[in-house]
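# Below are the sequence and a predicted model for it; my questions follow.
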Amino acid sequence: MNELPVWLVPPLQSLLASRATLHHALLFSGPEGVGKEWLARSLAAGLLCDQPRENRLACGQCAACRWMSQDSHPDFRLLRPTADEPVAEEGETPSPRPAKVSRDIRIEQIRGLAGFVEVASHRGGAKVILITPAEAMNSAAANALLKTLEEPPRNTFFSVGHQPGKPTAGHRSFTLPAGAGAHPPAGAGTCLGHGPGARRRGEGASVACVFRGRTAPCGRPRGE
């Protein structure tokens, strides 16, 4: 994984520092290009890293970090539309793809998480699921996910990326905590999920908004 942009480091460190009380479902909200998926992936890497650095970020060197760089960690799952699955380059063995690709995240994909969610982690630590983008979930998929979020398994974290302004199936259940409406300075992000008013595991909110990014002052998005 490439070096994290400086404006994403503070919210990432803040999230990792509050790991013991971290909400089980996190919503990363912001326009395209601000770094939502980058932050979510870095959080997953930090939660799964075998030897975190002093600043709590993933070391980038251990077996867990190597697996994360290849999206092959046994305790990590990435859900996205099948149409967004990478195409194998020449000489690579292509990953199996469904006969019919879709721009939606379908209920079959959410149901496919059942075995992963219900069993213990392979490495004895956390399990992380990244779903992106939230607006790609159809109604059936969103409802299936929300049932899981209502009864979160222990030490299992869900990260959801969302672009404001795009309709999201089941958006009423993606409840933001009190005070989550503030915007950070342009080009920056603010960690909102575990401060005053943030709702944690078992306190009623399905998803806590932890990062809300904005574009750079020049109007050009920063990050991935």
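Nice, I can see it.
# In this structure, where's the longest strand?
As assigned by DSSP state E, the longest strand anywhere in the chain is strand 156-162.
# which residues in the protein form strands?
So, for the chain - with DSSP E - the strands run 25-29, 76-79, 127-131, 156-162, 208-212.
# and the angle for the fourth one with strand 25-29?
For strand 156-162 and strand 25-29, the angle between their directions (axes from the mean of the first three to the mean of the last three Cα atoms, to 10 degrees) works out to 20 degrees.
# Go ahead and name everything in contact with strand 156-162.
22, 24-29, 36-37, 40, 43-44, 47, 117, 126-135, 145, 148-149, 152, 168, 174, 207 (Cβ atoms under 8 Å, 6 or more residues apart in numbering). For glycine as for every other residue, the C-beta is placed from the backbone atoms N, C-alpha and C.
# Hey, what's the angle from that strand to strand 127-131? Just curious.
Counting by the same axes, to 10 degrees, strand 156-162 points 20 degrees away from the direction of strand 127-131.
# partners of strand 156-162 in the sheet?
strand 25-29 (parallel), strand 127-131 (parallel) (DSSP bridges).
# any idea which of the ones you listed is most buried?
Mean neighbour count, computed with mean count of other Cβ atoms under 10 Å, is highest for strand 25-29 among the strands paired with strand 156-162, reaching a mean of 26.
# Let me see the confidence value for the nearest residue to Leu4 once chain neighbours are set aside.
Spatially, and ignoring its direct neighbours in sequence, Leu4 is nearest to Ser42 (5.5 Å; Cβ to Cβ, 6 or more residues apart in numbering). For Ser42, the model assigns a pLDDT of 95.
# next one: Ala169
pLDDT recorded at Ala169 is 51.
# Likewise for Leu26?
Reported pLDDT for Leu26: 88.
# what pairs with it across the strands?
As for beta bridges, Leu26 partners with Ser159, Ala208 under DSSP bridges.
# so Asp50 sits right up against Gln61, yeah?
No. Look at Asp50 against Gln61 with Cβ atoms under 8 Å: they stay out of range, at 9.2 Å.
# where are the low-confidence patches of this structure?
Along the chain, the model assigns pLDDT under 70 to residues 1-2, 86-99, 164-224.
# where do the helices sit along it?
9-17, 36-48, 63-69, 107-111, 114-118, 139-150 (DSSP state H).
# mind checking which of those is nearest Glu54?
helix 9-17 (10.7 Å; Cβ to Cβ).
# could you give the angle of the longest strand of the chain to helix 139-150?
In terms of direction (the same axes, to 10 degrees), strand 156-162 departs from helix 139-150 by 140 degrees.
# want to throw the strands paired with strand 156-162 into CSV with distance to Pro11?
Listed next are those as CSV, based on distance: least, Cβ to Cβ, whole Å:
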stretch, distance to Pro11
strand 25-29, 9
strand 127-131, 16
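# got the strands of the chain as TSV, with distance to Pro5 columns?
Formatted as TSV, these follow (distance: least, Cβ to Cβ, whole Å):
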stretch	distance to Pro5
strand 25-29	14
strand 76-79	21
strand 127-131	18
strand 156-162	16
strand 208-212	13
